[in-house]
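Colleague: my questions concern the predicted model and sequence given below.
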Amino acid sequence: MCGIYAGVTNHSITTHLIDGLNALSYRGYDSAGIALISKQGLERRRAKGKLDNLTGLLKQTPLEGKVGIAHTRWATHGKPECRNAHPHMTLEVAVAHNGIIENYAELRKELEACGFGFESETDSETIPLLITCYLHKGMTQCEAIQNTLARLEGSFAIVALFDNCPDQLFAARQGSPLVIGHSDAGFYLSSDENALIDKSDAICHMQDGDLARITHNRLIITDFEGNIRKRVMTPSYAISEEQGKQGYRHYMLKEIYQQPAVIQQTLDHYLQEDGTLHPDLKSLPMESLCRLSIVACGTSSYAGVVAKYWMEEIAGLPVDIDIASEYRYRNTPYPPQQMALFISQSGETADTLAALRHASKGGQQTLSLVNVTNSSMASESDRMLPLLAGQEIGVASTKAFTAQLATLLLLTLVTARSNRQITQLQLQQHLNTLNTVPRLMDDLLNQTDTIRNTAQQLYRSEHATYLGRGIAYPLALEGALKLKEISYIHAQAYPAGELKHGPIALIDERMPVIIIAPPGPLFSKTLSNLREVHARGGNIILLSNQAGIDQAADFTDTAIVMPEMDALIQPLLYTLPLQLLAYYVALYKGTDIDQPRNLAKSVTVE
Ligand code: M6R
């Protein structure tokens, strides 16, 4: 998603702005630009595509200055083209913007009627034009910004730079994150705290309604009317992108291999040394609930579907699972004994955040599971359970998913115990089983030959089908999503029993069918579906234990043998080969694995 980086310092800033944009690049973008105050005044450079294009442009036509703003754009209003890239500017002011100005059409009409021409198709360009309009009416820079802010509807984080105010930056936040970092050299700002860590000793998260006026040695924060707001700079605890790729070819591969450690960290956090569970888990009012309503997007929603199976079967608690973009616009009844659970890696996904606000407004008690613990969802929900995945850089979520699963399994066990669905002894046995996950994951990650060979057969396919029954169904959904995201191969996932109700028409010898069939009561049912696929010539790739593989040997083209394990932890382990399969298919195809086309790490627009 779009990223803002800016600085007001006592040294030359261009390379720092580019470093900042690089640190933001993992979020996904399709153009970038910078504007700064040079000796000639306000100047900018913008380029479509990767940052290399912008740095190439800066080599040809350098820019130097001490105060500047920069932006990576992920297209919403208008194509990824240079003219739509930020910063947008007039002769007087340059602005970089994250978010969406919902009333831009009305503002655009008004500005055009006043004689202002638009260069871009963006909603963002209304901001510098509106500021300029107010400057032309004789207002000061500060008044022009305040009056502009009063006109904007929607969400925004804005940084603005004025031609005749060369040592100052203005920044405002309403609904989109913006963080200020401080060091001896001055102030840096970014929409992502992680981009500030190596430049700042202390940071301050701007709050909605904050307007900051910043020189290299002074920061004043007011509300949009100019009343002083007190904000404190605190030491920065953000973790850097964990020392780069550490020898892995991609962040995604590194993050796949970090999963044993992530699960261990999750267990170390939530299981205390004396064998009891962390108070944050134990103190949740799970026994009073009649229903749990889980809301999320993408991969996080598939973790929620896994949790539905666990919660209903182990804890006896009915669960609804909703896609956030649907939930937020439905008139959902909110029974008093229901809790709404929001799952998100970033904690900033616009749809999930809006769904959380919708539920809070409806009087629901809210709980969020988030990886970024200083995110909006973390601060706006009644309770929060942190995910211990560490910073996830790859756009395709991997370690955050298994961290979500581990945390949701712990939540299930706590609920089951408080609902008296399991005894203390059974709880302990389940926790012991959970403790075997990191070792089993390690073993699995050390045997990838079959997966690489399978990927080599798969990467020329145009389509793939993923099937699973019961708790393996959400794993099929996640496997298909991973393949789509990074290899651009069309993939569909179905509950295996649903195949005959339509999708079976697509099966022929050109259709790879990945069947996730762990041992258990549904294995024989899935085997019947596998035979239906075989009878129609489908190319079957089966994930099961050795006994399952043996039973299906006559109908299977490729077997991925999974280790023996307790059924409780199957979702955590069966996910890994699906992630690796998608990774190697994308590697053979040569796609941009860490930053796949059109995708953003954190989707902060609706
Ligand atoms: O940050 P969130 O977990 O809220 O993000 C939700 C989805 O946007 C995210 O899971 C997306 O589907 C990933 N690209 C999946 O790999």
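Modeller: The structure has been received and is ready for your questions. Residues are numbered from 1 along each chain as shown.
Colleague: least confident secondary structure element in this protein?
Modeller: The helix or strand of the chain with the poorest confidence is strand 234-235; it has a mean of 80 (mean pLDDT, DSSP states H and E).
Colleague: and it, what other elements does it pack with?
Modeller: strand 202-205 (3 or more CB pairs under 8 Å, 6 or more residues apart in numbering; DSSP states H and E). Glycine gets a C-beta too; all of them are placed from N, C-alpha and C.
Colleague: tell me the helix or strand right after the least confident helix or strand of the chain.
Modeller: Following strand 234-235 in sequence order, the next helix or strand is helix 251-257 (DSSP states H and E).
Colleague: and the next helix or strand past that next one?
Modeller: Defined by DSSP H and E, the subsequent element after helix 251-257 is helix 259-270.
Colleague: quick one: buried residues of that next one?
Modeller: 259-267, 269-270 (16 or more other CB atoms under 10 Å).
Colleague: quick one: the helix or strand in which Thr575 is found to helix 259-270, angle?
Modeller: If you go by DSSP H and E, Thr575 is part of helix 570-589. Interaxial angle of helix 570-589 relative to helix 259-270 (axes from the mean of the first three to the mean of the last three CA atoms, to 10 degrees): 150 degrees.
Colleague: follow-up on the earlier one: partner strands of the least confident helix or strand of the chain, with direction?
Modeller: Paired strands of strand 234-235, with direction, are strand 202-205 (antiparallel) (DSSP bridges).
Colleague: who are the packing partners of the helix holding Thr575?
Modeller: Looks like helix 570-589 contacts helix 251-257, helix 399-418, helix 437-445, helix 449-458, helix 472-487, strand 512-516, strand 539-545, strand 558-562 (3+ CB pairs under 8 Å, 6+ apart).
Colleague: between these, which one is closest to the ligand.
Modeller: Ranking these by their distance to the ligand (criterion: CB to the nearest ligand atom) puts helix 472-487 first, at 5.5 Å.
Colleague: could you point out which element follows the closest one?
Modeller: Next along the chain after helix 472-487, with elements defined by DSSP H and E, is strand 490-495.
Colleague: then that following strand to PDB, C-alphas only?
Modeller: The C-alpha trace of strand 490-495 is given here as PDB (Å, rounded to 0.1, in the frame of the first residue of the first chain):
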ATOM      1  CA  HIS A 490      -5.300 -19.400 -11.400                       C
ATOM      2  CA  ALA A 491      -6.200 -21.600  -8.400                       C
ATOM      3  CA  GLN A 492      -9.500 -22.600  -6.900                       C
ATOM      4  CA  ALA A 493     -10.200 -24.300  -3.600                       C
ATOM      5  CA  TYR A 494     -13.200 -26.400  -2.800                       C
ATOM      6  CA  PRO A 495     -14.400 -28.600   0.000                       C
END
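Colleague: adding mean pLDDT and distance to Glu64, write the helices and strands packed on helix 570-589 out as a markdown table.
Modeller: Shown next, in a markdown table, are those (pLDDT from 0 to 100; distance: least, CB to CB, whole Å):
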| stretch | mean pLDDT | distance to Glu64 |
| --- | --- | --- |
| helix 251-257 | 97 | 32 |
| helix 399-418 | 97 | 40 |
| helix 437-445 | 96 | 48 |
| helix 449-458 | 95 | 47 |
| helix 472-487 | 98 | 39 |
| strand 512-516 | 98 | 54 |
| strand 539-545 | 97 | 56 |
| strand 558-562 | 97 | 56 |
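Colleague: in JSON lines: these, plus mean neighbour count and distance to the ligand.
Modeller: As requested, the helices and strands packed on helix 570-589 are arranged in JSON lines below (neighbours: other CB atoms under 10 Å; distance: least, CB to the nearest ligand atom, whole Å):
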{"stretch": "helix 251-257", "mean neighbour count": "24", "distance to the ligand": "9"}
{"stretch": "helix 399-418", "mean neighbour count": "25", "distance to the ligand": "7"}
{"stretch": "helix 437-445", "mean neighbour count": "18", "distance to the ligand": "19"}
{"stretch": "helix 449-458", "mean neighbour count": "17", "distance to the ligand": "18"}
{"stretch": "helix 472-487", "mean neighbour count": "26", "distance to the ligand": "5"}
{"stretch": "strand 512-516", "mean neighbour count": "27", "distance to the ligand": "17"}
{"stretch": "strand 539-545", "mean neighbour count": "23", "distance to the ligand": "20"}
{"stretch": "strand 558-562", "mean neighbour count": "20", "distance to the ligand": "21"}
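Colleague: put together TSV for those, with distance to Ser283 on each row.
Modeller: Supplementary listing: these in TSV, determined by distance: least, CB to CB, whole Å:
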stretch	distance to Ser283
helix 251-257	31
helix 399-418	10
helix 437-445	25
helix 449-458	41
helix 472-487	28
strand 512-516	35
strand 539-545	38
strand 558-562	36
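Colleague: Ile220: which of those is closest?
Modeller: helix 399-418 (37.3 Å; CB to CB).
Colleague: so which elements touch the strand or helix carrying Leu130?
Modeller: If you go by DSSP H and E, Leu130 is part of helix 126-136. Packing contacts for helix 126-136, counted by 3+ CB pairs under 8 Å, 6+ apart, involve strand 88-89, strand 93-101, helix 104-113, helix 141-151, strand 154-162.
Colleague: buried residues in that helix?
Modeller: Quick answer for helix 126-136 (16+ other CB under 10 Å): 126-135.
Colleague: which one of the residues you listed sits closest to Pro577?
Modeller: Nearest to Pro577, judged by CB to CB, of the buried residues of helix 126-136 is Ile127 at 47.7 Å.
Colleague: centre of the chain to the helix holding Thr575, how far?
Modeller: 19 Å (CA atoms, centre = their mean, to the nearest Å).
Colleague: likewise stretch 36-55?
Modeller: On CA atoms, centre = their mean, the centre of stretch 36-55 falls 28 Å from the chain's centre.
Colleague: alongside the ligand, which residues does this structure contribute?
Modeller: Within the chain, the residues that sit near the ligand (CB under 6 Å from any ligand atom) are 297-300, 344-346, 349, 352, 395-397, 485, 599, 602-603.
Colleague: try 8 Å
Modeller: Within the chain, the positions adjacent to the ligand are 296-301, 343-349, 352, 371-372, 395-398, 400-401, 481-482, 485, 599-603 by CB under 8 Å from any ligand atom.
Colleague: fine by me, thanks again.
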